[in-house]
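1. Generate coordinates for the sequence data below:
(one chain, ligands or ions: 1)
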Amino acid sequence: MLEPPYPELDDLLVLMGEAGKRLSEIDATEGAAGNISVCICWPVEPRTRFQLVEQINLPQPIPELAGATFIVTGSGRRLREIIEQPVANLGCLVVDEGGSNGKLYTSHNKLFSRLTSEFNSHLAVHYDQITRSGTNFHAVIHAQPPYLTYLSHIPRYHDESYLNQHLLRWQPETILQLPEGIGLIPFQVPGSSELMEATTRSLREHRIVIWAKHGVIARSDISTKRASDRIEYAETAARYEYLNLTTGEQGIGLSPDEIRAICTAFNVQQTIF
Ligand SMILES: [Zn+2]
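-> Prediction:
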């Protein structure tokens, strides 16, 4: 939830660009992998940046979000290039009265013909989170960080207790940044309704969820960069875990007692350790 004064449209575009650049720096957005969307519930004037307009049907009706604005990456666009030319890579969707359709605003310079094919999953998560929490801002990022994704190919990491007790032991920050731990959804076909439903459910309990054998999805109700930070914290943890596996598991990590002491000192509630 953001308090006024709300960020300007340009500021939101810059933050999406910076998140895309950072995720690219950590190798989580190879080629055109990954996508970003934000939902803004205060009035936004898209035509200052996005001059073209077309009517589109929404993947699902969202009557409670009539009037809300979504800024979404275009299909096939590269997250690392958003920062150079935001309007060429992003579309701006304003939901009509009734919540079944919307006006998609785009730029003369746009480099895509439709929004990301993952928009159905993004929209379902935004809708679920906003109608449950009442937040006026929500960011969702899908990226493909290699260490987290690799660990999701090893069956024992599909147990969420095992996954979190192993990944959250390497740095004191990890439990503070991800006190609910990391969720994991077994493999589902990208863009499928099964993946969409499982993602929505798991993101009610976690700030970041692994899509097994594919990548991750993270959310924030503060900023796009907060969501990308969550991916970076989780990916760093997975990198330590990978390092430990490749060196014969010589490291033991922070002990459960040490992690509980960190949580007590920083007043963080958690149930993983
Ligand atoms: Zn993907």
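
2. pLDDT score assigned to Gly191?
-> pLDDT for Gly191: 89.

3. May I have the secondary structure class of it?
-> State at Gly191, reduced to three classes by DSSP: H, G, I helix; E, B strand; the rest coil: coil.

4. Would you check that it makes contact with His122?
-> No - taking contacts as CB atoms under 8 Å, Gly191 lies outside contact range of His122: 11.0 Å. Any C-beta I mention is one placed from the backbone N, CA and C, and that applies to glycine too.

5. Look at these two and report which has more neighbours.
-> His122 (29 against 13; other CB atoms under 10 Å).

6. Mind telling me what element that one is part of?
-> helix 119-133 (DSSP states H and E).

7. What are the buried residues along that helix?
-> Within helix 119-133, the residues that qualify as buried are Phe119, Asn120, Ser121, His122, Leu123, Ala124, Val125, His126, Tyr127, Asp128, Gln129, Ile130, counting by 16 or more other CB atoms under 10 Å.

8. So the fourth one sits against Ala139, correct?
-> No - applying CB under 8 Å as the test, His122 and Ala139 come out as separate, 9.7 Å apart.

9. so what sits against both of those two?
-> Ser37 (CB atoms under 8 Å, 6 or more residues apart in numbering).

10. sorry, back to before: from the buried residues of helix 119-133, which is closest to Leu58?
-> Leu123 (6.8 Å; CB to CB).

11. give me every residue that touches the closest one.
-> Counting by CB under 8 Å, 6+ apart, Leu123 has contacts Ser37, Leu58, Pro59, Gln60, Ile62, Phe70.

12. quick one, strands of the protein?
-> 35-40, 52-57, 69-73, 90-95, 101-106, 137-143, 183-185, 208-211, 215-220 (DSSP state E).

13. among the contacts of Leu123, which ones are buried?
-> Ser37, Leu58, Pro59, Ile62, Phe70.

14. okay, these in JSON lines with distance to Glu8 and pLDDT next?
-> Shown next, in JSON lines, are the buried ones among the contacts of Leu123 (distance: CB to CB, whole Å; pLDDT from 0 to 100):
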{"residue": "Ser37", "distance to Glu8": "18", "pLDDT": "98"}
{"residue": "Leu58", "distance to Glu8": "25", "pLDDT": "96"}
{"residue": "Pro59", "distance to Glu8": "28", "pLDDT": "92"}
{"residue": "Ile62", "distance to Glu8": "24", "pLDDT": "97"}
{"residue": "Phe70", "distance to Glu8": "17", "pLDDT": "98"}
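
15. quick one: which of those residues is nearest to Leu168?
-> For the buried ones among the contacts of Leu123, the nearest to Leu168 is Ser37 (27.2 Å; CB to CB).

16. beta partners for that closest one?
-> Val72, Val140 (DSSP bridges).

17. what about Glu54, how many neighbours?
-> Glu54: 10 neighbours (other CB under 10 Å).

18. Give me the pLDDT value at it.
-> 97.

19. From Asp96, how far out is it?
-> 12 Å (CB to CB, to the nearest Å).

20. and for those two, which residues touch both?
-> Lys103.

21. Present the contacts of Leu123 as CSV; the columns should include distance to Leu167.
-> Conversion of the contacts of Leu123 to CSV gives the following (distance: CB to CB, whole Å):
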residue, distance to Leu167
Ser37, 26
Leu58, 35
Pro59, 32
Gln60, 33
Ile62, 34
Phe70, 31
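
22. which two from those end up farthest apart in space?
-> Ser37 and Gln60 (14.3 Å).

23. export stretch 125-143 as CSV, just CAs?
-> Provided in CSV are the C-alpha atoms of stretch 125-143 (Å, rounded to 0.1, in the frame of the first residue of the first chain):
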residue,chain,number,x,y,z
VAL,A,125,-2.3,-12.7,-8.7
HIS,A,126,-2.9,-8.9,-8.8
TYR,A,127,-6.7,-9.4,-8.5
ASP,A,128,-6.4,-11.9,-5.6
GLN,A,129,-3.9,-9.8,-3.7
ILE,A,130,-5.7,-6.5,-4.2
THR,A,131,-9.1,-7.7,-3.4
ARG,A,132,-7.8,-9.5,-0.2
SER,A,133,-5.5,-6.9,1.1
GLY,A,134,-7.0,-3.7,-0.2
THR,A,135,-3.6,-2.4,-1.4
ASN,A,136,-3.6,0.4,-4.0
PHE,A,137,-0.4,-0.8,-5.7
HIS,A,138,0.9,-4.2,-6.6
ALA,A,139,3.9,-5.4,-8.6
VAL,A,140,4.5,-8.9,-10.0
ILE,A,141,7.7,-10.2,-11.7
HIS,A,142,8.4,-13.5,-13.4
ALA,A,143,12.1,-14.3,-14.0
